[in-house]
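**Q** whatever this is, show me its structure:
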Amino acid sequence: MAYRVLSPETVTIGEGVEIGEGAIIFPNNHLFGSTKIGAGAVLYPNNILEDTTVGDGASVTASVARGAVIGRGTEVGPFANLRLGANVGTGCRVGDFVEIKNAVIGAGSKVSHLAYVGDAEVGKNCNIGCGVVFCNYNGTRKARTVVEDGCFIGSNANLVAPVRIGAGSYIAAGTTVTRDVPPHSFIIGRMRQESSERLKEKYLQSD
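**A** Numbers count the residues shown, from 1 in each chain. Sure thing, here's the model as predicted:
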């Protein structure tokens, strides 16, 4: 069957755009340049796609993608920003308020929310936690981060490029990584939580 546009008066489809069989385009989608939409893909409302490839069976919701590749069966959005060179593999999840730039995300990996992945290679079946930042710019030049297959990057971790995280490693929440990590390592780099009775008494007295 041909593709379906549910609200043609709210949808923009440029001359160079290709749309596969069975794709569904919801209202308020705007497709420009050499964008290609795969068979059975679903564009939920409010996307802007330019020079972007969306794989078969993938779905995109309320997101912006320019010069990006979205793999087969991958879910993107809402409110994701895929910039030039973002290449997301098959069966991935890119969630809300995630920005990806000049980075490859391996098959089956998840970047679910509130993360920045820039100038990076992320392997297969990785989890990038909430608030993770790939620190790719030192004020003078940009450098790359490599996260190998099967890694878990905990929430609010900072990966300071250039750095490589070995396969199967676990980075604890709140850790800043500045040196290469061997495969199958557990890395934690944060101060130990402490409780001060003296400070507690001070604040109780001020009440």
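**Q** how about residue 63, phi and psi?
**A** Note on residue 63: backbone dihedrals following degrees, to the nearest 10 are phi -130, psi 170.
**Q** that one: neighbouring residues, count only.
**A** 23 (other C-beta atoms under 10 Å). C-betas here are computed from N, CA, C, even on glycine.
**Q** and if you look at residue 176?
**A** Residue 176: 15 surrounding residues under other C-beta under 10 Å.
**Q** can you pull the contacts of it?
**A** Residue 176 is in contact with 157-158, 160, 189, counting by C-beta atoms under 8 Å, 6 or more residues apart in numbering.
**Q** which of these tops the neighbour count?
**A** Neighbour counts for those peak at residue 157, which has 26 neighbours (criterion: other C-beta under 10 Å).
**Q** any idea how far residue 124 is from that residue?
**A** According to C-beta to C-beta, to the nearest Å, residue 157 stands 19 Å off from residue 124.
**Q** go on, residue 191?
**A** 33 Å.
**Q** more neighbours, those two?
**A** Ranked by neighbour count (other C-beta under 10 Å), residue 191 and residue 124 place residue 124 first, with 18 against 6.
**Q** burial count for the closest residue in space to the more buried one that isn't next to it in sequence?
**A** Nearest residue to residue 124, sequence neighbours excluded (C-beta to C-beta, 6 or more residues apart in numbering): residue 106, at 3.8 Å. Neighbour count for residue 106, taken as other C-beta under 10 Å: 22.
**Q** go on, residue 184?
**A** Neighbourhood size, residue 184 [other C-beta under 10 Å]: 12.
**Q** name the nearest residue to it, sequence neighbours excluded.
**A** Distance criterion C-beta to C-beta, 6+ apart; nearest residue to residue 184, sequence neighbours excluded, is residue 168 at 4.4 Å.
**Q** now do the contacts for the one you found.
**A** 148-151, 183-184.
**Q** repeat that for residue 60.
**A** Residue 60 makes contact with 41-44, 47, 49, 54, 70, 76-77, according to C-beta under 8 Å, 6+ apart.
**Q** per-residue confidence for the residue nearest to residue 124?
**A** pLDDT, residue 106: 98.
**Q** roughly how far does it sit from residue 175?
**A** Plainly put, residue 106 is 21 Å away from residue 175 if you go by C-beta to C-beta.
**Q** if we can go back for a sec, distance of the residue nearest to residue 184 from residue 126?
**A** Separation of residue 168 from residue 126 (C-beta to C-beta): 10 Å.
**Q** what do you get for residue 29?
**A** Noted for residue 29: a distance of 29 Å to residue 126, by C-beta to C-beta.
**Q** what residues are up against the residue lying closest to residue 66 once chain neighbours are set aside?
**A** Leaving aside its sequence neighbours, residue 66 sits nearest to residue 50 (C-beta to C-beta, 6+ apart; 4.5 Å). Residues in contact with residue 50 (C-beta under 8 Å, 6+ apart) are 31-33, 35, 65-67.
**Q** list the buried residues of the host helix or strand of residue 120.
**A** Using DSSP states H and E, the element containing residue 120 is strand 110-122. By neighbour count with 16 or more other C-beta atoms under 10 Å, strand 110-122 contains the buried residues 110-111, 113-122.
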